[in-house]
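K.L.:
Dropping a prediction and its sequence here:
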Amino acid sequence: MVRQTVEQKLAILSDAAKYDASCASSGSTRRDSRAGKSLGSNEGSGICHAYAPDGRCISLLKILMTNFCIYDCSYCINRSSSNVTRARFSVDEVVRLTIEFYRRNYIEGLFLSSGIIRSPDATMLDMVRIARKLRHDENFRGYIHLKTIPDAAPELIEEAGLLADRLSINVELPTDASVRQYAPEKNPEQIRRAMAGVRLRKEISKDRSHTGKRPARFAPAGQSTQMIIGADNATDTTVLGQSTRLYSGYRLKRVYYSAFSPIPDASARLPLISPPLQREHRLYQADWLLRFYGFDLEEITGHRPDGNLDLEIDPKLAWALANRALFPVSVNRAPRELLLRVPGFGTKTVGRILSTRRHRNIRYDDLIRMGAQMKKARAFIEAAGWTPGQLTDSAGLRARFAPPPEQLSLF
């Protein structure tokens, strides 16, 4: 076997990590370098967030420890039966790369995942050793996100939470039946037990002892999970329903949706057509509406017979078009709950509206200055000096927002 250089491993394992959804360092506790005694910072002016065109954060060194794996999940490019080029970092190589990249100001932290080698415990132990060396030997205070292995021993997951800012445990697919069909070596019940253990340990870490001393911090940025979308036939209603249960049951910071991409020789086991990235984008938008805008699941997906989101327009606009009888609403009189349902109004815009209208009536131009997207909102609101007239009920209103039809190439 030809010995690989670190650069060759990096090329392989950073590319293999593109299927893992990561996050920025928001939500963690403040740590920084003082008097030259430590290295890195996870907040303040030293942290900047760069995003790729598909929305993924690229401010972290995002790699797999290895893409070798003893599991054979049908949807995974790194499954044991795949013929991809394999590579594996040593513990010291990951530590050295992280420090060198940070010193060059390429990154603000580390996102580390891995295939399963030898056993879940052996793999998790190496990941913990990496985080331990960064924190204790290198005094690294940057952001660390570890993809945790649910089958690993609880004490390893606990130590990971004491070292990392965020832990994530993947639920893999939207339903237990799909996990059993496409990832038979993984146990949905064990995944949930591991997630429950992280939640419990995090809650315990908030309690002070009888002397008033705080326990050691545990995953201060919380835990998240990732769900593969399009590898099975689950509808968006099923996906979002599962996400709602995960948020409430495990106090997750985020559920990440990852659009399935067809991979070599998987067609026999995964005959379904992969959805476009647009579906992933719509799911994120719907997720936001459920969490911060007061919508429930039936409102978002109930008006479509197939249980899926409209890919051509965003979920809030789709709901408004299906409920035109509620519009137009007056920005000077409508309650906050209804203003949040106006297409083109975000939570900050609604807050500015409520604050301003205590003192004077709001006009159309005021809404533009407040940051409202009036191209969407103008058909659904009334303001001082503005009424949409027949625009709200016009037959062609949806066509104003949907992308124009395209002539497909014949060649």
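P.N.:
Arrived safely. Values in this document were obtained by computation on a predicted structure and should not be read as measured data.
K.L.:
what's the pLDDT at the closest residue to Asp310 other than its chain neighbours?
P.N.:
Among residues not flanking Asp310 along the chain, Ala318 sits closest, at 4.5 Å (CB to CB, 6 or more residues apart in numbering). From N, CA and C alone the C-beta is placed, and that goes for glycine too. Per-residue confidence (pLDDT) for Ala318: 95.
K.L.:
buried sites along whichever strand or helix holds Ala318?
P.N.:
Following DSSP states H and E, one finds Ala318 within helix 315-322. Neighbour counts over helix 315-322 (16 or more other CB atoms under 10 Å) mark 315-321 as buried.
K.L.:
Can you tell me which of those is nearest Leu246?
P.N.:
Pro315 (18.9 Å; CB to CB).
K.L.:
For burial, what's the neighbour tally of the spatially closest residue to that closest one that is not a sequence neighbour?
P.N.:
Distances taken as CB to CB, 6+ apart place Ala286 nearest to Pro315, at 4.5 Å, with adjacent residues excluded. Ala286 sits with 26 neighbouring residues when counted by other CB atoms under 10 Å.
K.L.:
tell me the mean pLDDT for stretch 217-236?
P.N.:
Averaging pLDDT along stretch 217-236 gives 92.
K.L.:
For Ser168, list the residues it contacts.
P.N.:
145-148, 223-226 (CB atoms under 8 Å, 6 or more residues apart in numbering).
K.L.:
Repeat the analysis, applying 10 Å as the threshold.
P.N.:
Counting by CB atoms under 10 Å, 6 or more residues apart in numbering, Ser168 makes contact with 20-23, 111, 113, 145-148, 195, 198, 219, 222-226, 252-254, 256.
K.L.:
The residues you listed in strands, which ones?
P.N.:
111, 113, 145-147, 223-226, 254, 256 (DSSP state E).
K.L.:
residues near the nearest residue to Ser80 once chain neighbours are set aside, how many?
P.N.:
Of all residues not flanking Ser80 in the chain, Asp72 sits nearest, at 4.6 Å (CB to CB, 6+ apart). Here the number of neighbours of Asp72 (other CB under 10 Å) works out to 15.
K.L.:
Can you tell me which of the ones in strands among the contacts of Ser168 is closest to Arg96?
P.N.:
Phe111 (16.7 Å).
K.L.:
Identify the bridge partners of that closest one.
P.N.:
Lys62, His145 (DSSP bridges).
K.L.:
you'd agree it is up against Ala131?
P.N.:
No: at 11.7 Å, Phe111 does not count as touching Ala131 under the criterion of CB atoms under 10 Å.
K.L.:
intersection of neighbour lists for the two?
P.N.:
Both Phe111 and Ala131 are in contact with 144, 146, where contact means CB under 10 Å, 6+ apart.
K.L.:
ok, now which ones touch Leu173?
P.N.:
73, 75, 179-183, 186, 188, 227-229, 231-232, 234, 239, 242, 260.
K.L.:
For Gln226, see how far away it is.
P.N.:
For Leu173, the distance to Gln226 equals 10 Å [CB to CB, to the nearest Å].
K.L.:
for Cys69, helix, strand, or coil?
P.N.:
coil (DSSP: H, G, I helix; E, B strand; the rest coil).
K.L.:
Once you drop chain neighbours, what's closest to it?
P.N.:
Distances taken as CB to CB, 6+ apart place Gly115 nearest to Cys69, at 3.3 Å, with adjacent residues excluded.
K.L.:
if I pick that neighbour, what's in contact with it?
P.N.:
Gly115 touches 13, 16, 64-71, 76, 78-80, 86, 88, 123, 149, counting by CB under 10 Å, 6+ apart.
K.L.:
how near is the residue nearest to Pro315 to Ser114?
P.N.:
As for Ala286, its distance to Ser114 is 31 Å (criterion: CB to CB).
K.L.:
Next: Glu108.
P.N.:
Taking CB to CB as the measure, Glu108 falls 21 Å from Ser114.
K.L.:
So for those two, which sits in the more crowded spot?
P.N.:
Ser114 (28 against 24).
K.L.:
Domain-wise, how is this structure divided?
P.N.:
6-207+216-293, 315-400 (automatic domain parsing).
K.L.:
Just the terminal-to-terminal distance for the first one.
P.N.:
Counting by CA to CA, to the nearest Å, you get 46 Å between the two ends of domain 6-207+216-293.
K.L.:
Equivalent analysis for stretch 110-128, please.
P.N.:
Stretch 110-128 has an end-to-end distance of 13 Å (CA to CA).
K.L.:
Name the residues of it that are buried.
P.N.:
Residues 110-117, 120, 123-128 are the ones in stretch 110-128 that count as buried (16+ other CB under 10 Å).
K.L.:
Nearest to Ala325, out of these: which one, please.
P.N.:
Out of these, the member with the shortest distance to Ala325 (by CB to CB) is Phe111, at 46.4 Å.
K.L.:
returning to what we had before: how close does the residue nearest to Ser80 get to Tyr106?
P.N.:
Look at Asp72 and Tyr106: by CB to CB, they are 34 Å apart.
K.L.:
swap in Leu97?
P.N.:
In this view, Leu97 and Tyr106 are 10 Å apart by CB to CB.
K.L.:
Show me whatever sits in contact with both of these two.
P.N.:
Both Leu97 and Tyr106 are in contact with Leu61, where contact means CB under 10 Å, 6+ apart.
K.L.:
neighbour-wise, which of those two wins?
P.N.:
Neighbour count, other CB under 10 Å: between Leu97 and Tyr106, Leu97 has more, with 21 against 12.
K.L.:
so that one makes contact with Phe89?
P.N.:
Yes: under the criterion of CB under 10 Å, Leu97 makes contact with Phe89 at 7.7 Å.
K.L.:
what touches both of the two?
P.N.:
Counting by CB under 10 Å, 6+ apart, the residues touching both Leu97 and Phe89 are 6, 9-10, 13, 63.
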